[in-house]
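>>> Compute the structure for the input listed below.
(one chain, ligands or ions: 1)
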Amino acid sequence: MNIQIINGPNLNLLGVREKSIYGDASFETYFATLQQRYPEHTFSYFQSNKEGELIDKLHNVGFTADGIIINAGAYTHTSIAIADAIAAIATPVIEVHISNVYKRETFRHQSMLAASCRGVIVGFGMDSYRLALENFINT
Ligand code: DQA
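Residues are numbered from 1 along each chain as shown. Okay, here's the model as predicted:
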């Protein structure tokens, strides 16, 4: 399968940022372990801090990739535009979060994106991405 992973704002700082919440591994390190674990599948990784770039990426891969895993960071809680982009494309999308957003501030409890996604995986650390991937592989 051809799977696109998209990370939104501040997720370029994984491994540096608030380690007690997000852990001490960079996404690049984690991404390499995913590739090694599933050599028969092709993964691509894109990160941006800009809402429009995330939307452009969804448009660009959303009619060719087999699955998209998105962690839109704080845009999850605010972005109707990203929700509309997910609804507009053909490729199924799974929303993921590293932290358990339901144990955190109430403004993190709402997702603008979830209703347009196949499902949501929350709170398993970096393993949230692998769990989403397993769904694409096994579905
Ligand atoms: C996050 C949770 C969001 O609330 C936060 O803004 C992030 C990361 C997570 O993966 O736990 O940037 O999406």
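>>> Residue numbers of this protein in contact with the ligand?
10, 71, 73-74, 76, 97-99, 101, 108 (Cβ under 6 Å from any ligand atom). Quick note: C-beta positions are derived from backbone N, CA and C, even for glycine.
>>> Just the buried residues of those residues.
With neighbours counted by 16 or more other Cβ atoms under 10 Å, the residues of the chain next to the ligand contain buried members at 71, 73, 76, 97-99, 101, 108.
>>> Enumerate the positions of the helix or strand bottoming out on mean pLDDT in the chain that are buried.
Least confident helix or strand of the chain, by mean pLDDT, DSSP states H and E, is helix 19-22 with a mean of 93. Going by neighbour count (16+ other Cβ under 10 Å), the buried part of helix 19-22 is Tyr22.
>>> With stretch 116-136 instead?
The neighbour-count check on stretch 116-136 (16+ other Cβ under 10 Å) flags 116-118, 120-122, 124-126, 128-130, 132-133, 135-136 as buried.
>>> Among the residues you listed, which one sits closest to Thr29?
For the buried residues of stretch 116-136, the closest approach to Thr29 (Cβ to Cβ) belongs to Met126, at 9.3 Å.
>>> Name all residues that make contact with the nearest residue to the closest one once chain neighbours are set aside.
Nearest non-adjacent residue to Met126, counting by Cβ to Cβ, 6 or more residues apart in numbering: Tyr30, 4.8 Å away. Tyr30 sits next to 14, 126, 129 when contact means Cβ atoms under 8 Å, 6 or more residues apart in numbering.
>>> quick one: contacts for the nearest residue to the first one once chain neighbours are set aside?
Spatially, and ignoring its direct neighbours in sequence, Leu14 is nearest to Phe27 (4.7 Å; Cβ to Cβ, 6+ apart). Contacts for Phe27 were tallied using Cβ under 8 Å, 6+ apart; they are 7, 11-12, 14-15, 45, 47, 126.
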